[in-house]
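1. Just a sequence and a predicted model for now, questions to come.
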Amino acid sequence: MTELHDLLHRATDRIDGPDLAARALTGARRRRARNRGVVAAVAAAAAVVAVVVSVELTTGGARVDQPPVLSPSPSPTQGVATAPAIDPSRIQPVWDPRTVEGLPVTDLGVPRVMESLVPGVVTRPVAVLDDGERARLVGGDEVMAELPLPDGLGDRRIVSLSPDGTQLAAVGISGFFWRTLDGDWEQVRHTRVSGEAPQVTWLPDGSGLIGRDWNSAVRVDLPSGDVEELPFPLDVGQFAVGPEGAVVATVPRQVIEWHEGREGARWATGPLDGLVLPAVGTNEIAFARANVLFDDERGVADRDGLIAVDRETFETRGYLPVPDDHDYYVHAEELRPVAWLDDDTVAFTVLPEGSPKEYLVTWNVETGALSRISCWEKSFSAVFATGLLGS
């Protein structure tokens, strides 16, 4: 049996289990403000092997009337460099998220317990909470305010907060909307991004955002509302935007970088199989990493967990494994990188198995040190003003 056939066989057995499918569906439905593409992207790749594509955004805001040309992923055998295996010295002790309450607490300007807030006027929101019924703005001063939304978004809507906390976006069945903190909702015209499985990611400077669903991807310039179609490959899963405006997205089995419309480097994930949910820093990328091997075959580096790699060499800077006996954390999006706070520290969210609360935690990828930042009731999804964390 060839290596590829073996991987396909393992992955098919792994994703067809009814328990896994039920957990993934439950997790996806609970996160109404998140893209449900992680499990779907991993499954669609068949081998449950995700890779990254980095595409440099152009600066234009003109609308393109024709839909984007979607291109298939390149062959993994065409001279693509392969990411190196995880150095054993970079593998940190297994961390059980159920012990999160015992972590030291660090203040990043986010309320430690976000459900025990007082109603008031939020002038500097650091987060948005949304349970599909109502959305709330959360201020760093322990104040909460209801956030009225456009009508008809549906229960799979996304409500997102810009990195500096001054703008909001909402996407759902009724369309694509945005507003300033003190303004009114305005609908973005000439975009088909809405409805099922949308994803919204802000550009780091807040000058616009990228919206995507299963059918199209667009860059929306703000405040003009001009729309530019983006030529995402057919099999892009999740994506994130780096500080310089590059888009990093998971696609099957490769890493491709594009600079001003031209391809730069490519990486095949190779031994780093199962990378999803990127968070991009200046020189580094963090991923959630799904274990894709059977229990009787896996080694010390074959667990669900978080992994941080160098953007240029793809060498592992740190790997934080978690218990994955029930395929819980990564497949159901319960472990998710959010943003890099500095060159060594990444913030992530985690819903410990059996916990009534979800948590925002920081991880120093070099030392392995973990700190607890905030928590909220698990029926809510949370989106953070990432540029304000720690400011």
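-> Done, it's in.
2. I'd guessed I285 sits against V276; true?
-> No. Contact between I285 and V276 fails when scored by C-beta atoms under 8 Å: they sit 11.7 Å apart. All C-beta atoms are positioned from the backbone trio N, CA, C, and that covers glycine.
3. Look at V188 and report its pLDDT.
-> We note a pLDDT of 87 for V188 in this prediction.
4. That one and G354, how far apart?
-> 40 Å (C-beta to C-beta, to the nearest Å).
5. Look at those two and report which has more neighbours.
-> For V188 versus G354, the count of surrounding residues by other C-beta atoms under 10 Å is larger for V188: 22 against 7.
6. any idea how far the residue lying closest to that one once chain neighbours are set aside lies from P150?
-> Distances taken as C-beta to C-beta, 6 or more residues apart in numbering place F176 nearest to V188, at 4.3 Å, with adjacent residues excluded. Distance of F176 to P150, given as C-beta to C-beta: 10 Å.
7. which residues are in contact with both of these two?
-> A170, Q187 (C-beta atoms under 8 Å, 6 or more residues apart in numbering).
8. Which of those two has more residues huddled nearby?
-> Just comparing F176 and P150: by other C-beta under 10 Å the higher neighbour count belongs to F176, 28 against 18.
9. Report the secondary structure state of the more buried one.
-> strand (DSSP: H, G, I helix; E, B strand; the rest coil).
10. Name the SS class of the residue most central in space within the chain, please.
-> The centroid of the chain falls nearest to L277 when counting by C-alpha atoms, centre = their mean (4.1 Å). Judged by three-state DSSP, the three-state class of L277 is strand.
11. Give the full set of residues in contact with the residue lying closest to it once chain neighbours are set aside.
-> The shortest distance from L277 to any non-neighbouring residue, by C-beta to C-beta, 6+ apart, is to A288 (4.4 Å). Counting by C-beta under 8 Å, 6+ apart, A288 touches 38, 275-277, 304-306, 329-330, 333, 335-337.
12. What is the nearest of those residues to V220?
-> Using C-beta to C-beta, L277 comes nearest to V220 of those, at 22.3 Å.
13. How much space separates the closest one from D151?
-> Counting by C-beta to C-beta - L277 and D151 are separated by 31 Å.
14. what residue ranges in the stretch 51-200 of the chain score low on pLDDT?
-> 51-79, 191-198 (pLDDT under 70).
15. ok but W376 is inside a helix, no?
-> No. Per three-state DSSP, W376 lies outside any helix segment and is strand.
16. I'd say the residue nearest to V188 and Q187 touch.
-> Yes. With contact defined as C-beta under 8 Å, F176 reaches Q187; the gap is 6.8 Å.
17. Break down the stretch 101-250 of the chain into its helices, ranges please.
-> Counting by DSSP state H, counting those that start in this stretch, the stretch 101-250 of the chain forms no helices at all.
18. Run through the strands of it in chain order.
-> Here the stretch 101-250 of the chain has its strands, by DSSP state E, counting those that start in this stretch, at 118-119, 125-130, 135-139, 143-147, 158-161, 167-172, 175-180, 186-187, 199-202, 208-212, 217-221, 227-229, 239-241, 246-252.
19. Over to the residue nearest to L277. Which of the three states is it?
-> Taking three-state DSSP, the label given to A288 is strand.
20. rewinding a little: which one of the strands of the stretch 101-250 of the chain lies closest to T99?
-> Taking these one by one with C-beta to C-beta, strand 125-130 is closest: 23.8 Å.
21. can you state the direction angle for that closest one and strand 143-147?
-> Between strand 125-130 and strand 143-147, the angle comes out at 50 degrees (axes from the mean of the first three to the mean of the last three C-alpha atoms, to 10 degrees).
22. Strand 125-130 pairs with which strands?
-> Strand 125-130 has the following strand partners under DSSP bridges: strand 135-139 (antiparallel), strand 381-384 (antiparallel).
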